[in-house]
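>>> here is a sequence together with a model predicted from it:
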Amino acid sequence: MTGRYDHNIDAKGRLFVPARIRDELTSAFHLAPGSGTCLTIYSQRAWNRLVERYEALPYAEGKGLRSFFANTARCELDAQGRIVLPKNLIQYARLEKEAVIIGVEDRAEIWDKALWEKEEGLALTPERVEALMGDIGL
């Protein structure tokens with residue numbers, strides 16, 4: 001998944017998921033707290049890989065992820081291509097009315113627009129992109 005998509009969250013907590021992101025998802029997917037102040041949309045395939053890695057952890061290490069799983073929601077798109085964002089996840093990501101959905105390889109992230117623009121401003125500089133490309137051998 002790639003790209004940036006700006007959409008509004010309506011009064012009922014619904015967010016439109018762009019077609020390019022929907023095309024990568026199955027009919028059901030998972031919405032979870034993300035790394036940073038965002039939410040992560042996992043396709044079923046990506047979710048299965050995450051669960052496999054979790055199951056391979058020793059119990060003592062894995063129990064720290066209880067609250068992550070407790071605050072993850074299984075979602076389905078409505079007929080208009082929207083998902084309902086649970087209130088606890090809206091609060092976690094500090095989402096207001098304007099949201100940004102970004103594609104991040106095998107998953108997508110939902111950010112509050114102002115928070116994303118701040119994050120992106122720190123990360124998207126020519127020097128930072130060059131360093132990141134060097135880190136992956138390009």
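Here it is on my side, so go on.

>>> just list whatever residues bridge to Val84.
Beta-bridge partners of Val84, counted by DSSP bridges, are Arg14.

>>> got the end-to-end distance for stretch 7-27?
This stretch, stretch 7-27, spans 21 Å end to end (C-alpha to C-alpha, to the nearest Å).

>>> quick one: mean pLDDT over the helix or strand where His7 lies.
Assessed by DSSP states H and E, His7 sits inside strand 4-8. On average, the pLDDT along strand 4-8 is 94.

>>> mind listing what it pairs with, with the direction of each?
strand 98-104 (antiparallel).

>>> packing partners of the next helix or strand after the strand it pairs with?
Sequence-wise, the next helix or strand downstream of strand 98-104 (DSSP H and E) is strand 107-112. In terms of contacts (3 or more C-beta pairs under 8 Å, 6 or more residues apart in numbering; DSSP states H and E), strand 107-112 is packed against strand 39-42, strand 98-104. The C-beta positions use only the backbone N, C-alpha and C, and glycine is treated the same way.

>>> average pLDDT across strand 107-112?
On average, the pLDDT along strand 107-112 is 94.

>>> ok, the most centrally placed residue in the chain - contacts?
In the chain, the residue lying closest to the centroid (C-alpha atoms, centre = their mean) is Thr40, at 1.9 Å. Shown in contact with Thr40 (C-beta atoms under 8 Å, 6 or more residues apart in numbering): Leu31, Ala32, Pro33, Gly34, Arg107, Ala108, Glu109, Ile110.
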